[in-house]
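S.K.: Sharing a model that was predicted from the sequence below.
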Amino acid sequence: MIDTMRKQSLYKWTIFTSLILTLMACASQPQKFSTQYNQYELKRLNRLDDKQKAELYETIIAADLAADQKDHLTAMSYYLHAADLSQNISLISKAIEQAEYASDPLGLEQAANIWLKAKPNNSEALKVLLKSQLTTNQADEAIGTINRLLKVQKTHSDKYQLLVNELFEFQPNMVYYILKQLLETSNHKLSVAIAQAKFIMNLTEGKGKAEKPLRLAYDNIEKVLSTAPDFYEAIQLKSQLLYNFEEDQKARNFLLSKHRNYPDSKPIAHLLGQFLYDTQDYQNLLRVFTPWIKKYPDDNTALLFVAAGNFHLHQYENSLKYFTLMYQRNFKTDLAYFYCGESAFQTKQVDIAENCYQKVSQGEYLANARIKQARLISQKKQYQAALDLLTAEYAISNEDKIELALEEVRLLNLHFSKSRAKQSLDSYIKKFPADYRLILSKIEIYELYDKPKQLVKVLREAQDGIVSDDKLNRFNLLGAELLNKKGYYREAIKWLDDAIKQTDNQKELKYTRTLYRENLGQYSLMIKEFKALLKDHPDDINIKNALGYTLADRNLELEYAQSLIDSAYQHYPNNAAIIDSKGWLAYRLGQLDAAEEYLKRAFKLYPAAEVAAHLGEVLWIKKDYENAKSVWRSGLKIDQNNRILKETLERFKLELEP
């Protein structure tokens, strides 16, 4: 306190002379006032006497001086006093600014109250007051302020956005309490209910045990939509929840019905379009938006949906037309130029393609556009021009720089010399030592895939350059995956043994090592290690499912296996791997109809060769031989080298072509 008083005394002595001069300059124009740092227009000063005016001018100069010296608390104190004297909005704003710099919620509250004294029920002032109350955990006071804010909002959407924007960054327990109280007492229940649903969705994102609260949120959204069927954010959240529940067809039908009910609503149409695009339903995307852009030709978002739908359906002449129209309108130009190039390339209009790629000037498509452009130039045997294009300086991320580097190495290896390619690659590896793509490129160019000792040596050298524990773990997992895929099963397990010793974050490394033991037939050790992992991580769904499946596959401890798989299924009823485990366990228990049902569902959700092996076996045992062969052929098309599928066909003495 003593130091603050000394500072204030110093500021006042410093400004004394300039104050006298300023007062003289402003005598004829009392409403205008200037300091060395700012200009102010002070209105309605006639209610102040001369002493108060002098005090106001002195305080403003002191505040500006303190702010310039970044003494935020002192500046805030002076600005608050000046604002209280003058009711001036610019001084109130400066008080708020200094309070935020000083992280002083009480200063924010003072500033807000001065503002509200000058302009009662001003929304921005109320937001400042709310922020100060939330920062100091004054939940009940905050509820009163929120109700005042909600009262001046015009629509359900405005009220919802206010709650999301002003509340969600604060302490979750307090936010939940406020929303619960508002839901019980407020006159704005529809908007509060949707905000609460959104809050629950945010809170449970990425958490396994989220089904129950999300279903509660879904039920609340349904109730709101029964009263306000056109509430956009409610429609948006319901479709998002259905998507998260993997009920895509239900979500699609819901959004299509909303579009039919509100055929001129652009927000609902765009929401439908994004859903259809995300779920790769390009036929429906074109069915909805091709007539839409005739009705609303200036809707650029709809134009993008039509262009993208045509592109993904390989209707490249159409997509070229629409992407060209997009860049002509200066709408998402880099995206439009890139896919103009892609469309033109597919229609063998290489000059147009090259020209479009060339016009991509920045952003996420730049590196890929330069790679495509360089390949077209290379086709004309202009190899040096292609190399110059790839090695030019671009303002892009390191990820994109590595993509250009890989293309440069490929070009050098194909059209210059392997030694130049190796030299360039080694220089990039020095610059980005932990990048796995560069390591794979080195393994390929140095022809190390069939040389496991040298392969491991290269991986070790790259490993030594990684400092971050998380990056090291990811690299070790990728290194093990490479060794395992190439059939070096013991080397992969040895690699993971060493990796586990390097870190305390061992769960994923141990889990992967146990999975890889299957290739060596080490089933007893797999079960032992999975049980040890589950003891350390009793709530881990992946470990439960893996142990349950392994026991079921070996026909061991089937009752225990069922408890594990059922627990995993309860948390993730739409997970293909867990459904496959349910089906395989049912098969081991002799429940062939249930096994077929689960395995068909798993194969539909995730068509993998291993699931095809399981489903085919169940059908074969049920004497449905033709369908069994059909499923196995589908599996061979997906991965004809899959070990489980090959072993299954060998057991039944079958030779099938994909």
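M.R.: Cool, the structure landed. Numbering: from 1, shown residues only.

S.K.: When you work out contacts or count neighbours from here on, use the C-alpha atoms and nothing else.
M.R.: OK.

S.K.: Quick one: name whatever helix or strand follows the helix or strand of the chain with the lowest mean pLDDT.
M.R.: Each helix and strand of the chain was given a mean pLDDT (mean pLDDT, DSSP states H and E); the minimum falls on helix 2-26 at a mean of 45. Per DSSP states H and E, the first helix or strand lying C-terminal to helix 2-26 is strand 32-34.

S.K.: by contact count, what packs against that next one?
M.R.: Strand 32-34 sits against helix 2-26, strand 39-41, with contacts defined as 3 or more Cα pairs under 8 Å, 6 or more residues apart in numbering; DSSP states H and E.

S.K.: avg pLDDT for stretch 484-501?
M.R.: Stretch 484-501 carries an average pLDDT of 91.

S.K.: And Asn330, how far from Phe323?
M.R.: Separation of Asn330 from Phe323 (Cα to Cα, to the nearest Å): 11 Å.

S.K.: For the two, indicate the residue with more neighbours.
M.R.: In terms of neighbours (other Cα atoms under 10 Å), Phe323 is the more surrounded of Asn330 and Phe323; the figures are 28 against 12.

S.K.: To which secondary structure element is the closest residue to that one other than its chain neighbours assigned?
M.R.: Distance criterion Cα to Cα, 6 or more residues apart in numbering; nearest residue to Phe323, sequence neighbours excluded, is Ala336 at 5.0 Å. Counting by DSSP H and E, the element that carries Ala336 is helix 333-346.

S.K.: So for that helix, what gets flagged as buried?
M.R.: Buried residues in helix 333-346, defined by neighbour count with 16 or more other Cα atoms under 10 Å: 333-346.

S.K.: Would you point out the most distant pair within the residues you listed?
M.R.: Pairwise distances across the buried residues of helix 333-346 peak at 19.7 Å for Thr333 and Gln346 (criterion: Cα to Cα).

S.K.: Span of stretch 389-403 from start to end?
M.R.: Using Cα to Cα, the end-to-end distance of stretch 389-403 comes to 13 Å.

S.K.: correction: stretch 159-178
M.R.: End-to-end distance (Cα to Cα), stretch 159-178: 15 Å.

S.K.: Please state the offset of it from the chain centre?
M.R.: Centroid separation for stretch 159-178 versus its chain: 21 Å, with Cα atoms, centre = their mean, to the nearest Å.

S.K.: What lies in contact with that stretch?
M.R.: By Cα atoms under 8 Å, 6 or more residues apart in numbering, the residues outside stretch 159-178 that reach it are 127, 130-131, 134-135, 137, 139-140, 143, 150, 153, 191-192, 194-196, 199, 233.

S.K.: And those, which of them are buried?
M.R.: Buried subset of these (neighbour count, 16+ other Cα under 10 Å): 127, 130-131, 134-135, 139, 143, 150, 191-192, 194-196, 199, 233.

S.K.: Most widely separated two among the residues you listed?
M.R.: Greatest spatial distance among the buried ones among the contacts of stretch 159-178 (Cα to Cα): Thr135 and Glu233, at 27.1 Å.

S.K.: any low-confidence regions in the protein?
M.R.: 1-30, 206-210 (pLDDT under 70).

S.K.: so where do the helices sit in the stretch 551-658 of the chain?
M.R.: Assigned by DSSP state H, counting those that start in this stretch, the helices in the stretch 551-658 of the chain fall at 558-571, 576-588, 592-605, 609-621, 625-638, 643-651.

S.K.: Spell out, range by range, the strands that occur in the stretch 201-350 of the chain.
M.R.: With strands called from DSSP state E, counting those that start in this stretch, the stretch 201-350 of the chain shows none.

S.K.: what does the helix or strand Leu477 falls within rub up against?
M.R.: For Leu477, the enclosing helix or strand under DSSP H and E is helix 469-485. With contacts defined as Cα under 8 Å, 6+ apart, helix 469-485 is touched by 434, 436, 459, 463, 466, 489, 491-493, 495-496, 499, 503, 509, 512, 516.

S.K.: In PyMOL, select just the buried ones from the residues you listed.
M.R.: A single PyMOL command selects the buried members of those (16+ other Cα under 10 Å):
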select buried, resi 434+436+459+463+466+489+491+492+493+495+496+499+509+512+516
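
S.K.: Let me know the closest of the contacts of helix 469-485 to Ser378.
M.R.: Checking the contacts of helix 469-485 against Ser378 by Cα to Cα gives Tyr436 as the nearest, at 26.5 Å.

S.K.: That closest one: what's it in contact with?
M.R.: Under the criterion of Cα under 8 Å, 6+ apart, the neighbours of Tyr436 are 475, 478.

S.K.: and the gap between it and Asp497?
M.R.: From Tyr436 to Asp497 the distance is 20 Å (Cα to Cα).

S.K.: in stretch 183-190, what's buried?
M.R.: Quick answer for stretch 183-190 (16+ other Cα under 10 Å): 183, 186, 188-190.

S.K.: Go through the buried ones among the contacts of stretch 159-178 and name the one nearest Lys531.
M.R.: Within these, the smallest distance to Lys531 is 36.5 Å, found for Phe199 (Cα to Cα).

S.K.: Around the closest residue to Pro573 other than its chain neighbours, how many other residues sit close by?
M.R.: Counting by Cα to Cα, 6+ apart, Ile579 is the residue found nearest to Pro573 once chain neighbours are left out, at 7.3 Å. Residues lying near Ile579 (other Cα under 10 Å) number 28.

S.K.: do the same with Ser397
M.R.: Using other Cα under 10 Å, the number of residues around Ser397 comes to 12.

S.K.: Now do the helix or strand harbouring Ile402: which elements does it pack against?
M.R.: For Ile402, the host element (DSSP H and E) is helix 398-415. Applying 3+ Cα pairs under 8 Å, 6+ apart, one finds that helix 398-415 makes contact with helix 366-379, helix 383-391, helix 418-431, helix 436-445.

S.K.: wait, what's in contact with the nearest residue to Thr324 once chain neighbours are set aside?
M.R.: Distance criterion Cα to Cα, 6+ apart; nearest residue to Thr324, sequence neighbours excluded, is Cys340 at 6.2 Å. Shown in contact with Cys340 (Cα under 8 Å, 6+ apart): 319-320, 323-324, 353, 356-357.

S.K.: which one of those residues is nearest Gln69?
M.R.: Nearest to Gln69 among the contacts of Cys340 is Tyr357, at 50.9 Å by Cα to Cα.

S.K.: Pull the contacting residues for the closest one.
M.R.: Contacts for Tyr357 were tallied using Cα under 8 Å, 6+ apart; they are 337-338, 340-341, 369-370, 372-373.

S.K.: if we go to 10 Å?
M.R.: Neighbouring residues of Tyr357 by Cα atoms under 10 Å, 6 or more residues apart in numbering: 334, 336-342, 351, 365-374, 376.

S.K.: Now do it against Ser343, distance only.
M.R.: Applying Cα to Cα, the value for Tyr357 to Ser343 is 11 Å.

S.K.: shared neighbours, those two?
M.R.: Shared contacts of Tyr357 and Ser343, counting by Cα under 10 Å, 6+ apart, come down to Tyr337.

S.K.: What segments of the stretch 151-300 of the chain are helices?
M.R.: In the stretch 151-300 of the chain, the helices defined using DSSP H, counting those that start in this stretch lie at 156-167, 172-185, 189-204, 211-227, 232-244, 248-261, 266-278, 282-295, 300-312.
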